[in-house]
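Colleague: return atomic coordinates for the entry below.
(2 chains)
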Amino acid sequence: MGEAIQHSAGFEPINLPPGHFALDADLDDRLRRDGAAPPREGDIAHPIFAFVGGIGGLGVPVGDAIALAGCSIGAGPLLASCDISIYRALKVGVTYQIAGRIAGKTRKPSRRFGAADHLLLSVSIAEGDVRFVDLDLKMIVPVTGS
Amino acid sequence: MNEQPIVWRVDDVSAEAMFSWVEALRDVNPIHVDPQAASALGYGPRTVNPGPTNLAYVLTMLMAAAPGEYPARIEARFLGNVLSGDSLEVTCDRADDGIFRARLKIAGDGEIVLDAKVTMEPIEE
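Modeller: This is a model prediction of the structure:
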């Protein structure tokens, strides 16, 4: 825990196109219902939108982002870890701007998959000039055929 | 630790609910929605709950444990898979420094599938 995500040597980070995420009340309601959470009070969104908004609002779908790094979402990638800083509570009824990049890729041996690529993805969520969230996540993508 | 651990349960993780999550995430990873794909990739015959959904359970519990507060920092490790039909147990305790340590476990066998450190602070809008 608390381990900083390291950028990989020998991998040129890939900036993803800017995107946006419309955090509407219906979506917050739906994910609360489907995530065993109580109904919202006021306009503060469930904090999981620090993750869902960042990934769902990337300028390309996460599968395309993975493909840009030379990997395949069809291989069944798994989330390994995330480190999220939330500077302000996210609200429903707001469309946030999303910036993301593939910050690193490292191929490692895997007991389960034979080999796997460890991808590092960095995402920020903002409204105008105000930063709301920084999200770093690591995912493990099996190398097919390994 | 200054308080007794808090325990919260999620019963019978829904395969249908996974569709809502992957739609919001724009995630077409087949292991979340297609049991055959999950099986072919070695996860067995049940679909795999998206990792953010597992984290959402933990955050829901912490919001209940700390009314009026919101996560400011979340460090989470995803250690295992939650499959459709699983029942889960979330436990957490708050250290004297105010940071919560939370674990999501499979009910019954006790396998820890998510371990998180979360700093909760008063909501700033």
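Colleague: contacts and neighbour counts: CA atoms only from here.
Modeller: OK.
Colleague: separation between residue B:100 and residue B:29?
Modeller: Per CA to CA, to the nearest Å, residue B:100 is found 31 Å from residue B:29.
Colleague: please apply the same query to residue B:39.
Modeller: 13 Å.
Colleague: which parts of chain B sit against chain A?
Modeller: Counting by CA under 8 Å from any CA of the partner chain, chain B comes close to chain A at B:10, B:17-18, B:20-21, B:24-31, B:41, B:51-53, B:55-57, B:59-60, B:70-79, B:116-117, B:123-125.
Colleague: show me the helices in chain B, by range?
Modeller: All helices of chain B, identified by DSSP state H, fall at B:15-25, B:35-40, B:51-65.
Colleague: now the shortest one: buried residues?
Modeller: This points to helix B:35-40. Using 16 or more other CA atoms under 10 Å in any protein chain shown as the test for burial, helix B:35-40 gives B:35-38.
Colleague: next one: stretch A:102-115
Modeller: Buried positions in stretch A:102-115, judged by neighbour count with 16+ other CA under 10 Å: A:102-105, A:115.
Colleague: and stretch A:126-133, by the same measure?
Modeller: A:126, A:132-133.
Colleague: then stretch A:64-73?
Modeller: Quick answer for stretch A:64-73 (16+ other CA under 10 Å): A:64-66, A:69, A:71-73.
Colleague: near chain B, anything from that stretch?
Modeller: Yes - residues of stretch A:64-73 contacting chain B under CA under 8 Å from any CA: residue A:73.
Colleague: of the buried residues of helix B:35-40, which is the nearest to residue A:60?
Modeller: Residue A:60 lies nearest to residue B:37 out of those, by CA to CA, at 23.4 Å.
Colleague: for residue 79, which non-adjacent residue is spatially closest?
Modeller: All of this refers to chain A. Excluding its sequence neighbours, the residue lying closest to residue A:79 (CA to CA, 6 or more residues apart in numbering or on different chains) is residue A:139, at 4.4 Å.
Colleague: oops, chain B please
Modeller: In space, residue B:79 is closest to residue B:113, 4.6 Å off (CA to CA, 6+ apart).
Colleague: now do the same contact list for that neighbour.
Modeller: B:78-82, B:103-106 (CA atoms under 8 Å, 6 or more residues apart in numbering or on different chains).
Colleague: most neighbours among those residues, please name it.
Modeller: residue B:104 (29 neighbours; other CA atoms under 10 Å in any protein chain shown).
Colleague: now that residue, which residues is it bridged with?
Modeller: With DSSP bridges as the criterion, residue B:104 is bridged to residue B:90, residue B:114.
Colleague: how about the contacts made by it?
Modeller: By CA under 8 Å, 6+ apart, the contact set of residue B:104 is B:54, B:58, B:88-91, B:112-115.
Colleague: take those residues and write them to TSV, including distance to residue A:35.
Modeller: As requested, the contacts of residue B:104 are exported to TSV (distance: CA to CA, whole Å):
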residue	distance to residue A:35
B:54	8
B:58	10
B:88	12
B:89	14
B:90	13
B:91	17
B:112	19
B:113	16
B:114	15
B:115	18
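Colleague: still on that earlier bit, export the buried residues of helix B:35-40 to CSV and tack on pLDDT?
Modeller: Shown next, in CSV, are those (pLDDT from 0 to 100):
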residue, pLDDT
B:35, 93
B:36, 94
B:37, 89
B:38, 89
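Colleague: residue A:84: which of the helices of chain B is closest?
Modeller: Between residue A:84 and the helices of chain B, the shortest gap by CA to CA is with helix B:51-65, which sits at 11.5 Å.
Colleague: what residues sit buried inside the closest one?
Modeller: Per 16+ other CA under 10 Å, helix B:51-65 contains these buried residues: B:51-63, B:65.
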